[in-house]
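Participant: kindly return the folded structure for what I paste below:
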Amino acid sequence: MKKIAILVSGKGTNMKHILHAIQNKIIYNSMVNLVISDRWCSAIQYALKVNITVFSFIRTNKKFLFREIDNILVRYIPDIIVLSGFLSILDAEFCEKWFNKVINIHPSLLPKYGGKGMYGIKVHKKVIKNKEKISGATVHYVTKNVDLGDVILKKKCKIDPEETPISLSKKISMIEKEILIQSINKLLYNIKDIK
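Facilitator: Below you'll find the model as predicted:
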């Protein structure tokens with residue numbers, strides 16, 4: 001059975017999508033064996049409720065934080081590490097050690113609207129302000145260069161003339177759910193038939 005570790009900072013929406021997909025056998029023969037947060041958050045509370053091993057840190061010293069996360073990952077040996085709204089930017093040493101094991105989902109068509117400070121509703125506000133005609137989401141490997149790791153999967157959607165950041169956020173959220181699950185299957189089981 002493949003093991004998935006998830007790093008969270010907030011609600012853990014994509015974490016819940018992953019757990020639901022495992023339960024419904026959409027993600028094959030896998031389990032979430034570990035959830036780690038860089039602050040106390042509702043995702044941790046949810047993971048505790050469903051009996052997943054959790055570790056929660058206070059983000060005072062980033063070097064200490066990443067060293068501790070690394071120590072935990074070494075003990076639990078996940079096959080893949082998924083960032084689910086994890087807001088701490090992983091340092092170069094961590095990214096090199098876990099190269100091609102850490103993936104992230106970003107709410108734009110990278111490399112557009114990526115980088116430090118570009119997350120969540122901020123991305124959608126900028127996309128609409130710039131009068132883009134299309135947007136989407138991207139699953140990519142995490143490297144020391146924020147949002148510049150190799151793309152695993154991306155999918156686009158049209159932006160309607162009356163689109164708001166909130167309506168675009170809901171539209172992109174559906175795409176994120178779809179391509180994150182597909183990407184996990186692709187990486188864990190080398191499943192190629194991805195739309």
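
Participant: hey, let's count contacts and neighbours off CA atoms from now on
Facilitator: Fine.

Participant: which other helices and strands does the lowest-mean-pLDDT helix or strand in the chain contact?
Facilitator: Least confident helix or strand of the chain, by mean pLDDT, DSSP states H and E, is helix 62-76 with a mean of 93. Packed against helix 62-76 by the contact rule (3 or more CA pairs under 8 Å, 6 or more residues apart in numbering; DSSP states H and E) you find strand 30-37, helix 92-97.

Participant: recalculate using a threshold of 6 Å.
Facilitator: The contact analysis (3 or more CA pairs under 6 Å, 6 or more residues apart in numbering; DSSP states H and E) places helix 62-76 against no helix or strand.

Participant: and the angle from it to strand 30-37?
Facilitator: Calculated by axes from the mean of the first three to the mean of the last three CA atoms, to 10 degrees, helix 62-76 forms an angle of 160 degrees with strand 30-37.

Participant: break down this protein into its strands, ranges please.
Facilitator: Remark: strands assigned in the chain by DSSP state E are 2-8, 30-37, 54-56, 80-84, 102-106, 134-141, 151-158.

Participant: ok, which of those strands comes nearest Asp91?
Facilitator: Nearest of the strands of the chain to Asp91, taken as CA to CA: strand 102-106 at 12.4 Å.

Participant: gap between Arg39 and Lys129?
Facilitator: 31 Å (CA to CA, to the nearest Å).

Participant: identify whichever of the strands of the chain lies nearest to Tyr189.
Facilitator: Smallest distance to Tyr189 across those (CA to CA): 9.1 Å, for strand 2-8.

Participant: what's that closest one in contact with?
Facilitator: Defining contact as CA atoms under 6 Å, 6 or more residues apart in numbering, one finds that strand 2-8 is touched by 30-37, 78-86.

Participant: just the buried ones from the residues you listed, in PyMOL syntax?
Facilitator: Per 16 or more other CA atoms under 10 Å, the buried members of the contacts of strand 2-8 correspond to this PyMOL selection:
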select buried, resi 30+31+32+33+34+35+36+37+78+80+81+82+83+84+85+86
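
Participant: next one: the top helix by length along the chain to chain centre, how far?
Facilitator: Using DSSP state H, we find that the single longest helix of the chain is helix 165-189. Counting by CA atoms, centre = their mean, to the nearest Å, helix 165-189 is centred 9 Å from the centre of its parent chain.

Participant: I'd like to know which elements that helix is packed against.
Facilitator: Secondary elements touching helix 165-189 (3+ CA pairs under 6 Å, 6+ apart): none.

Participant: mind listing what's buried in it?
Facilitator: Buried residues in helix 165-189 (16+ other CA under 10 Å): 165, 168-169, 171-173, 175-177, 179-188.

Participant: much appreciated, bye for now.
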